[in-house]
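Undergrad: sequence isn't available, so here's the structure alone:
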């Protein structure tokens with residue numbers, strides 16, 4: 001896992017917006033630097049916002065954390081399939097349907113964060129099991145070709161994207 005995202009010959013379309021949010025470090029170092037509690041640094045603010053939304057039909061903080069975990073699981077599954085040379089074209093997933101049916105609002109922020117920490121450890125072990133050849137393998141998911149390495153960086157960058165949304169759109173609700 002010594003490859004950085006800049007080592008990829010090209011960044012996959014759509015996923016590049018998440019990948020570029022991660023420092024250009026070897027994947028194993030990037031996992032070390034992007035622990036869930038490091039990304040979601042201000043737990044007190046998250047708890048204060050847990051049921052608030054900045055506009056109708058938007059997700060709560062709990063929904064966002066659950067969405068991050070659901071996405072991590074799906075991306076890790078895709079990475080496993082592609083690393084094992086499975087050439088099956090994988091379908092996408094409808095994130096709003098997942099959010100609606102996850103019932104995250106019935107959970108606590110602490111519970112969600114603990115689950116995410118455990119999930120992240122598992123994801124990191126999965127990626128540690130991949131050698132450079134496996135990391136370079138590609139597959140097609142959601143209509144896009146993507147490498148296993150890219151999926152690792154997507155897993156890391158996706159929560160950074162959502163934390164920035166929280167900072168920009170949700171944290172100001174605490175000042176109102």
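TA: That came through, no problem. Quick caveat: nothing in here was measured; it's all calculated off a predicted structure.

Undergrad: quick check: longest helix of this protein.
TA: helix 61-83 (DSSP state H).

Undergrad: give the buried residues for that helix.
TA: 61-72, 74-76, 78-83 (16 or more other Cβ atoms under 10 Å). Every residue, glycine included, has its C-beta placed from N, CA and C.

Undergrad: now do stretch 127-138
TA: 127, 130, 134, 135, 136, 137.

Undergrad: okay, the second one and residue 2: tell me how far apart.
TA: Going back to what we said before, that points to residue 130. Distance of residue 130 to residue 2, given as Cβ to Cβ, to the nearest Å: 12 Å.

Undergrad: please apply the same query to the third one.
TA: Note on residue 134: its distance to residue 2, by Cβ to Cβ, is 13 Å.

Undergrad: same question for the fifth one.
TA: Spatial separation of residue 136 from residue 2 under the definition Cβ to Cβ is 12 Å.

Undergrad: tell me, what's the model's pLDDT at residue 53?
TA: We have a pLDDT of 95 for residue 53.

Undergrad: same thing with the one 4 residues further on?
TA: The confidence metric pLDDT takes the value 93 at residue 57.

Undergrad: hmm, residue 5 and residue 26 touching each other?
TA: No - the criterion here is Cβ atoms under 8 Å, and residue 26 misses it with residue 5 at 9.7 Å.

Undergrad: have a look at the two and say which one is more surrounded.
TA: residue 5 (23 against 14; other Cβ atoms under 10 Å).

Undergrad: show me the contacts for the more buried one.
TA: By Cβ atoms under 8 Å, 6 or more residues apart in numbering, the contact set of residue 5 is 11, 19, 20, 22, 24, 149, 150, 153.

Undergrad: secondary structure element for residue 31?
TA: In the assignment (DSSP states H and E), residue 31 maps to helix 27-33.

Undergrad: so who does residue 140 touch?
TA: Counted by Cβ under 8 Å, 6+ apart, residue 140 has contacts 89, 90, 146.

Undergrad: contact partners for residue 90?
TA: 78, 81, 139, 140, 141, 142.

Undergrad: could you do residue 78 as well?
TA: 90, 139, 141, 146, 151.

Undergrad: make it 10 Å
TA: Going by Cβ atoms under 10 Å, 6 or more residues apart in numbering, residue 78 touches 86, 90, 139, 140, 141, 142, 146, 148, 151, 154, 155.

Undergrad: measure it to residue 174 for me?
TA: Applying Cβ to Cβ, the value for residue 78 to residue 174 is 36 Å.
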